[in-house]
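J.: Build me a model:
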Amino acid sequence: MMVQYRENLGGIVRSLLAALLLLVAGCQPRAPAIPADSDTRPIGEILAERGLAAADAALAARQQSPETAFQLGGVRFLRAFETMLQTRYASFDGDVGFLPGMRTPLPTNPDAKFDPAFLENALTSALMHLKGAEAALAPAVNGEFATSLPLKSIWLDVDRDGKRGDWESLDVLLAGMGASADWSQSDGTVRFDTADAEWLAAYVHMLSGMSEFVLSLDPTPAIRTVYEGRVRLERAGSLAPDPIFGDDDVIDQIASVLLTLEGKPDAARTRSALEHFRQMIAHNRKFWPEMMAETDNDHEWLPNPKQTSPFGVVITDEVGSSWQEVLAEIDDILAGRTLIPYWRASYSFDTPERGVGINLRKMLSDPGDMNLVLLIHGAAVAPYLETGRLATMDAWNRFTAMTQSDGLLIALLLN
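T.: Just a heads-up that it's a prediction; the model follows:
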């Protein structure tokens, strides 16, 4: 009897463990399954007619040359933006100003249903596509290629209806973000080559790092708390206009950010973010000498001083060298060689470039409580304070002085 009981108990335990393993496996982020696609038409035609998902499947089924690898990496990068916009359009009628893709102007969705997990869902899905883009780009950054692509053929299926709307075209979405091109002076075709693979890889790592950092803070509980509180306030009666910002959504977003910062971030994600940011700098620093050495001038995405771009971007030798100074400064900060000045730390007026500052590398490697009051007070940054070279804004100020009003746009393009 006891033997039978033990056998039954053992069977139950094994069944529960198996079920638990299946559940855990089902909860892990997975790259979306992509069925093989036999569409062998030029990628521009597939994009224009069937969209990004079909282009992803078709390119994945082809032999991976450097050219095909770049196309596949680019499509998956765009799918990361697409899934972010899809999630936002379906569940949040607003924007998140600090994240690319989450601040793009979109039409109002009358069927949108707010989901406090919209940001977590959007970034988790984006990371799956970005991981696929990073893997796909390997042959492109290690090879040589040139490929032309009509940008007007690209659209993002934001409303998930499988049909291309005028507002879903890439050029329209880019124009909404302030990155519009003079299409009257161009046929809309852009030619990408070997240097651009490094640029794209850098952007993949940038967006991956930003996503990992936000997810490390676990924003969903804070957003849910603020949302449920807002609902109760509205049920109690109509809210008076906010006397400070004039927009109640601003108060909600500030409250959500402050609550999200409470506690310790997920260290595994902050370390991943740090590595992505360092890889971003590494790829960008490889991009510059390759781009500056180009001698052709054919529908350039990012032009050197001897080339032109349909976007009207002009990059002089001086702008290029000053931007590389900005990259070097950021690299030093991420490596811990340069410290971020802290407002309560003293420094010498005789040697203002040295003093007590925050070692960002250590802070992201082993994060502590991100409570804003503790960050301002210093208790949260005290474990990361060191004496050494302090970061300055000198390199950035020189860059913006050269680029004038176009500084931020050029910085976004250059990554």
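J.: Which phi and psi values does A117 adopt?
T.: Main-chain dihedrals, A117, degrees, to the nearest 10: phi -90, psi 10.
J.: neighbours of the residue lying closest to it once chain neighbours are set aside, just the number please.
T.: Counting by Cβ to Cβ, 6 or more residues apart in numbering, A117 lies nearest to T220, which is 4.6 Å off, once chain neighbours are set aside. No exception for glycine: its C-beta is placed from N, CA and C like everyone else's. Close neighbours of T220, defined as other Cβ atoms under 10 Å, add up to 18.
J.: Surely T220 and P116 touch.
T.: Yes - with contact defined as Cβ atoms under 8 Å, T220 counts as touching P116 (5.6 Å).
J.: Low-confidence stretches in this structure?
T.: Across the chain, the ranges flagged by pLDDT under 70 are 1-36, 97-98, 100-101, 177-186, 238, 241-248, 311, 346-352, 402-415.
J.: In it, which residue is most central in space?
T.: Closest residue to the average C-alpha location of the chain: L207 at 2.0 Å, with Cα atoms, centre = their mean.
J.: doesn't that residue fall inside a helix?
T.: Yes - under DSSP: H, G, I helix; E, B strand; the rest coil, L207 falls within a helix.
J.: gap between it and T260?
T.: 19 Å (Cβ to Cβ, to the nearest Å).
J.: Show me the helices in the stretch 1-150 of the chain, by range?
T.: 2-27, 43-50, 52-60, 66-91, 118-136, 138-141 (DSSP state H, counting those that start in this stretch).
J.: Single out the most deeply packed of those.
T.: Most buried of those, by mean neighbour count (mean count of other Cβ atoms under 10 Å): helix 66-91, with a mean of 24.
J.: Now stretch 250-266: buried residues?
T.: D252, Q253, A255, S256, V257, L259, T260, L261, E262, P265, D266 (16 or more other Cβ atoms under 10 Å).
J.: All the helices of the stretch 201-350 of the chain, in order from the start?
T.: 220-236, 248-260, 267-292, 317-335.
J.: Quick one: closest of those helices to R76.
T.: Smallest distance to R76 across the helices of the stretch 201-350 of the chain (Cβ to Cβ): 15.6 Å, for helix 267-292.
J.: report the angle between the axes of the closest one and helix 118-136?
T.: 50 degrees (axes from the mean of the first three to the mean of the last three Cα atoms, to 10 degrees).
J.: Return the distance of the residue nearest to A117 relative to S148.
T.: According to Cβ to Cβ, T220 and S148 sit 42 Å apart.
J.: Next: W155.
T.: For W155, the distance to S148 - Cβ to Cβ - is 18 Å.
J.: The two: which is more packed in?
T.: Legend: neighbour count by other Cβ under 10 Å for W155 and S148, higher for W155 (23 against 13).
J.: Show the backbone phi and psi for the more buried one.
T.: phi -140, psi 160.
J.: doesn't L170 make contact with it?
T.: Yes - if you go by Cβ under 8 Å, W155 and L170 touch, sitting 6.2 Å apart.
J.: any idea how far A138 is from P42?
T.: 23 Å.
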